[in-house]
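Asks: quick one, structure for this:
(one chain, ligands or ions: 1)
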Amino acid sequence: MAKQEDIFKNVVSHAKEYGFIFPSSEVYDGLSAVYDYAQNGVELKKNIREYWWKSMVQMNENIVGLDAAILMHPTTWKASGHVDAFNDPLIDNKDSKKRYRADVLVEDYAEKINQKAQKEIEKARARFGDAFNEEEFVTTNARVIEYLSKYKEILSRLAKGMSDDLQDVKALIEELEIADPETGSRNWTDVKQFNLMFGTKLGASADSAMDLYLRPETAQGIFVNFLNVQKSGRMKVPFGIAQTGKAFRNEIVARQFIFRMREFEQMEMQFFVRPGEEMKWYHHWKEARLNWHLSLGLGKENYRFHDHEKLAHYANAAADIEFNFPFGFKELEGIHSRTDFDLKAHEQYSGRKLQYFDPELNENYVPYVVETSVGLDRMFLAVFATSLQEEALEDGSTRTVLKLPAVLAPTKAAVLPLVKKDGLPEISKKIIEDLKWDFNVAYDEKDAVGRRYRRQDALGTPFCITVDHQTLEDETVTIRHRDTMKQDRVKITELRAIIENEVSMKNWLMKM
Ligand code: ATP
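Replies: Numbering: from 1, shown residues only. Down below sits the predicted model:
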């Protein structure tokens, strides 16, 4: 088994080599935690967005879309709490001048202790085999008890420090003798709050310019438009507004490729419900969103819920859908019951009523909101990293294959003339002319056909269509399936239906 770090490195280099993701402005050595989507990446990203949009907006009569501006009136962020509370605790190392998130330093330290406990558990499992009783072992083995209680104690002291006094977090870092992971220095500054919003200015002259923020989430664009959409669309509660778009956060620690970026894209839906009915909808959306993820077939075991115990100021229930990324289980999507916090806050700051008249109850109220929020880039990473596989073949060789869900693949089929002569390229091009109205198709005539297959495997193309000399006689071609490498001989006129059957969003979404 390859090591986790190696797998992750492989993901990053494959994404670059095959034209999925490049570092931003790479000719200037890049910009930290900012990335560009290349020719294949942009297609995969677009397909993920569309898969989400279709399942949320097109398939739900009571959900409509929105595309609000990135720049918003600055009071928006006062009302939402982002000006005062959208902070991360940062700490600097005085020797190395490196900046870290204080909570992450402590969490990483705690996780190492947890890992020691997990190692003991795995060792015991291997030793005892089927007779192994994990629950009993964890509660009786002295070493494991010590590790796990230390782990829990650190996390609970961290949580207390984060909510009460950041100096306690610094004290904890010193007490645990946590060192700068890069240099080993323990010479730390105090822990300070750092606001994650990017500021910018609107207006030409320095004194009249207005301070603005680049939105750190798309949700607020939905809240401030709640009444406009409700009235102009004659929407009845319960209803939802969905939006995809860029968000910006000045993340302190931004490693892990496109998992944590400073400019990223969110796909969010705010569902407005009657007060008191929010828990019913919260559970509904938790399940619906997990089913959406599962429909892509990346493996049930790769997802888990993490229910929040400590809730954000606006929420009365919250859960993450976590995914098994190459660096472990991490948040992919959040489902939050946001109460009436946001709409009430915008009422208060704007002086406008943001209420709904419920004709069935014959009363006005501020609706409660259940939010689903997934990062498009994180979705990309989940799909891409899980699909990238090294496969041992029967002849002893290996192949690199990107087993993307066919519905998301950037290119659906590649058309390959067996040789560059005898009219085969012309027939290939005719096939492309016909298919390109419905699918992204590619043409490739360079190198031996085996190498061309490998290249399409690495790009995640579900089908290769090969035109050979028999095609001249009977208008048939071979169609090769990426995952099984099986080849069938079919009529050119059958190609569209074969491809459609495997890539149609309908067929995939029906699995939800
Ligand atoms: P985290 O705890 O990982 O920082 P968060 O809880 O702050 O995430 P939310 O504010 O709930 O995230 O945002 C909703 C979704 O947006 C997340 O589930 C994630 O998929 C995505 N997201 C948030 N921050 C980033 C980022 N810096 N880069 C890429 N995606 C992000």
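Asks: tell me the phi and psi of the closest residue to the ligand within the stretch 1-150 of the chain?
Replies: Per C-beta to the nearest ligand atom, Ala33 is where the stretch 1-150 of the chain lies closest to the ligand, at 7.6 Å. For the C-beta atoms, the positions are set from N, CA and C on the backbone; glycine is no exception. With angles defined as degrees, to the nearest 10, Ala33 sits at phi 60, psi 30.
Asks: what parts of this structure come near the ligand?
Replies: Selection of the chain residues close to the ligand by C-beta under 6 Å from any ligand atom yields 217, 249, 251, 260-261, 264, 266, 331-334, 373-375, 377-378.
Asks: one step back: once you drop chain neighbours, what's closest to the residue of the stretch 1-150 of the chain closest to the ligand?
Replies: Ranked by C-beta to C-beta, 6 or more residues apart in numbering and with sequence neighbours excluded, the top spatial neighbour of Ala33 is Ala254, at 3.1 Å.
Asks: quick one on the thing from earlier: strands - which of the residues of the chain next to the ligand land there?
Replies: Within the residues of the chain next to the ligand, residues falling in strands by DSSP state E are 264, 266, 331-334, 373-375.
Asks: kindly indicate which of the residues you listed lies nearest the ligand.
Replies: Nearest to the ligand among these, with distances taken as C-beta to the nearest ligand atom, is Gly375, at 2.5 Å.
Asks: pLDDT at the closest one, what is it?
Replies: In this model, Gly375 is scored at 98, pLDDT.
Asks: pLDDT value on the spatially most central residue of the chain, please?
Replies: Centroid-nearest residue in the chain: Arg378, 2.2 Å away (criterion: C-alpha atoms, centre = their mean). Arg378 is assigned 98 on the pLDDT scale.
Asks: and the closest residue to Lys511 other than its chain neighbours, how far is that from the ligand?
Replies: Once flanking residues are discounted, Lys511 sits nearest to Ser295: 4.3 Å by C-beta to C-beta, 6+ apart. Distance, Ser295 to the ligand, by C-beta to the nearest ligand atom, to the nearest Å: 18 Å.
Asks: burial of Ser295, as a residue count?
Replies: Residues near Ser295, counting by other C-beta atoms under 10 Å, number 17.
Asks: over to the one 5 residues further on?
Replies: Counted with other C-beta under 10 Å, the neighbours of Lys300 add up to 10.
Asks: check contacts around the residue lying closest to it once chain neighbours are set aside.
Replies: The spatially closest residue to Lys300, leaving aside those adjacent along the chain, is Leu294, at 6.1 Å (C-beta to C-beta, 6+ apart). Counting by C-beta atoms under 8 Å, 6 or more residues apart in numbering, Leu294 touches 300, 303, 511-512.
Asks: ok, Leu294 to the ligand distance?
Replies: Distance from Leu294 to the ligand, by C-beta to the nearest ligand atom: 17 Å.
Asks: again with Gly351
Replies: In terms of C-beta to the nearest ligand atom, Gly351 sits 28 Å off from the ligand.
Asks: need phi/psi at that residue.
Replies: Dihedral angles (degrees, to the nearest 10) for Gly351: phi 70, psi 10.
Asks: pLDDT score for it?
Replies: 96.
Asks: show me which residues of stretch 457-473 are buried.
Replies: Buried positions in stretch 457-473, judged by neighbour count with 16 or more other C-beta atoms under 10 Å: 457-468, 471.
Asks: again, but for stretch 241-255
Replies: 241-245, 247-252.
Asks: list the contacts of Tyr314.
Replies: 81, 336, 338-339, 341-342.
Asks: repeat that for 7 Å
Replies: By C-beta atoms under 7 Å, 6 or more residues apart in numbering, the contact set of Tyr314 is 81, 338-339, 341-342.
Asks: and Met269, by the same measure?
Replies: 56, 63, 240, 242, 372.
Asks: which one is it nearest to, not counting chain neighbours?
Replies: Ala242 (4.2 Å).
Asks: mind checking how far the helix or strand where Gln230 lies is from the chain centre?
Replies: Using DSSP states H and E, Gln230 sits within helix 226-232. Put simply, helix 226-232 sits 29 Å off its chain's centre (C-alpha atoms, centre = their mean, to the nearest Å).
Asks: what sits up against that helix?
Replies: In contact with helix 226-232 (C-beta under 7 Å, 6+ apart) are residues 64, 66, 235, 241, 272, 343, 354, 356.
Asks: so which helix or strand takes in the fifth one?
Replies: In this case it means Phe272. strand 263-273.
Asks: pull up the pairing partners for that strand, direction included.
Replies: If you go by DSSP bridges, strand 263-273 pairs up with strand 239-248 (antiparallel), strand 368-375 (antiparallel).
Asks: need the residues that contact the first one.
Replies: The one in question is strand 239-248. Against strand 239-248 from outside (C-beta under 7 Å, 6+ apart): 49, 53, 56-57, 60, 62-68, 70, 198, 214-218, 221-222, 229, 262-272, 376.
Asks: which PyMOL command selects the buried ones in those?
Replies: Only the buried entries of these go into this PyMOL selection, using 16+ other C-beta under 10 Å:
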select buried, resi 49+53+56+57+63+64+66+68+214+215+216+217+218+221+222+229+262+263+264+265+266+267+268+269+270+271+272+376
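Asks: related to what we said a few turns ago, contact partners for the residue nearest to Lys511?
Replies: Neighbours of Ser295 in contact, by C-beta under 7 Å, 6+ apart: 508-509, 511-512.
Asks: so where do the helices sit in the stretch 101-250 of the chain?
Replies: Counting by DSSP state H, counting those that start in this stretch, the segments of the stretch 101-250 of the chain that form helices are 102-128, 134-140, 142-164, 166-175, 219-223, 226-232.
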